[in-house]
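1. Need coordinates for the following:
(chains A and B)
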Amino acid sequence: MLAAFGDAYGIQFPLLSDAGSKVIRAFGIFNTNIPEDHKMMYGIPFPGDFLIGPDGIVRDKLFLPSYEHRASATAIAMRNGAAGANAVEIESGALSATVSLSGARCFPGQELATGLVIRLKPGWHVYGKPLPSSYRATELIFESPIIGEQSMELPAAKPMLLQALGETLPVYDGEVRATGKLEIKWSPPMPAKFLEPFGKAIAPGPYKIAGRLRFQPCSDTVCEPPQEIGFELPLEIEAGVPPAPRKPA
Amino acid sequence: MEAQEKADILHGIIRKFGAGGKDITSEEWGRFVAAQNDGYRTGPEIGARVPDFALPDQHGKVRTLKDLSGPNGLLLVFSRSADW
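-> Presented below is the predicted three-dimensional model:
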């Protein structure tokens, strides 16, 4: 079974078989929700990933409650320090910025990491939060019918007394770096009425993920009106993988 | 969720799949997923030691935690099935 599966997908790493679920039980992740007389599912684990150091100590782990949505390999790599592979540059008078996605391709249901680097020109700043409603805080927003949840937390902005305004407000100057998450919606693997509320089919192929960087640039002497700069990043949605052929028993 | 209720949900869906799956509702599917994930556990915490193991790989060779670990350790992925 595992040999056929590994051959079908060209898998180079070891695939281990835990017949009887001994190791799954030893790890404490045996799925006790499945009744013993359930032929198909009895013995499965709660699925998840462990990053284990050479000393056998767990360094990190990832368990998700919903199996439709998974982190992509590029998102995991980017959270661990890799650079975004799919980037666009933004220019305005007061700043330049780089917006990136962790990858240029993914499957439906995968989560990508997002990156933002803002480089302010000397003497200019933009605002953080919390902020009075008369100013615009810096924000990066992605927009596309194929995206689900998104989040990006900017670092804490430093309070600065702005002489011209006579107010102390949270600002960014110099360079600002932030990373976030962007979920690509799940696409049911087969047409089935009961799966429709969980996700509509997404055709594989090239897509554009649009977005806007919102900010308000100010210097010691001038405060410009709030700005929004739009951008687009390409994203290739990959076709689902067909089931591995089975070797005759 | 009661054990009997979970068992009924899990058996019920597989019976319906066996019969073609046409009359499965999205509420039933939602309950099927919830029954599987009820009170899910994630094993050893970050900073804890994982248990040793010895399991056969796809070529029949027995592999242990120690021999699978490289200089940077090991990424160990628990999957539910390679068959469905």
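2. and stretch B:30-49, which residues are buried?
-> B:31-33, B:35-36, B:38, B:40, B:42-44 (16 or more other C-beta atoms under 10 Å in any protein chain shown). In short, each C-beta sits where N, CA and C put it, glycine included.
3. anything in it near chain A?
-> Yes. Stretch B:30-49 lies within reach of chain A by C-beta under 8 Å from any C-beta of the partner chain, at B:30, B:33, B:35-49.
4. Now do the same for A:Trp186: its pLDDT.
-> A:Trp186 is assigned 89 on the pLDDT scale.
5. Give the full set of residues in contact with residue 34.
-> By default, I'm working from chain A. Residues in contact with A:Ile34 (C-beta atoms under 8 Å, 6 or more residues apart in numbering or on different chains) are A:41-44, B:10, B:36.
6. other chain: chain B
-> Taking C-beta under 8 Å, 6+ apart, one finds B:Met1 in contact with B:Ala34.
7. quick one: the helices in chain B?
-> Along chain B, counting by DSSP state H, helices occupy B:3-18, B:26-37, B:65-68.
8. wait, I meant chain A
-> A:2-9, A:22-26, A:73-79.
9. tell me which residues in the first one are buried?
-> Under the neighbour-count criterion of 16+ other C-beta under 10 Å, helix A:2-9 has A:2, A:4-6, A:8 buried.
10. rewinding a little: of all the buried residues of stretch B:30-49, which comes closest to A:Gly93?
-> Within the buried residues of stretch B:30-49, proximity to A:Gly93 (C-beta to C-beta) peaks at B:Thr42, which comes in at 48.9 Å.
11. Tell me the confidence at that closest one?
-> 94.
12. With the one 5 residues further on instead?
-> pLDDT recorded at B:Gly47 is 97.
13. That one contacts A:Ile57, correct?
-> Yes. With contact defined as C-beta atoms under 8 Å, B:Gly47 reaches A:Ile57; the gap is 6.4 Å.
14. Take the helices of chain A and write them to TSV, including distance to chain B.
-> Below are the helices of chain A laid out as TSV (distance: least, C-beta to the nearest C-beta, whole Å):
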stretch	distance to chain B
helix A:2-9	4
helix A:22-26	4
helix A:73-79	9
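15. Pipe those helices into TSV and attach mean pLDDT per row.
-> Shown next, in TSV, are the helices of chain A (pLDDT from 0 to 100):
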stretch	mean pLDDT
helix A:2-9	87
helix A:22-26	97
helix A:73-79	84
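16. Which one of those helices lies nearest to B:Phe78?
-> That would be helix A:22-26 among these, by C-beta to C-beta, at 6.8 Å.
17. List of residues touching the closest one?
-> Contacts with helix A:22-26, where a contact means C-beta under 8 Å, 6+ apart, come from A:16, A:18, A:30, A:43-45, B:51, B:53, B:55, B:78.
18. neighbours of residue 26, just the number please.
-> Chain wasn't specified; assuming chain A. Using other C-beta atoms under 10 Å in any protein chain shown, A:Ala26 has 16 other residues around it.
19. look at chain B instead
-> As a burial measure, B:Ser26 scores 14 neighbours (other C-beta under 10 Å).
20. If I look at it, what pLDDT would I see?
-> For B:Ser26, the predicted pLDDT is 86.
21. Please report how far A:Tyr207 lies from A:Met190.
-> Using C-beta to C-beta, to the nearest Å, A:Tyr207 is found at 22 Å from A:Met190.
22. Show me which of the two is the more surrounded one.
-> Neighbour count, other C-beta under 10 Å: between A:Tyr207 and A:Met190, A:Tyr207 has more, with 19 against 8.
23. where does chain A have low pLDDT?
-> A:243-249 (pLDDT under 70).
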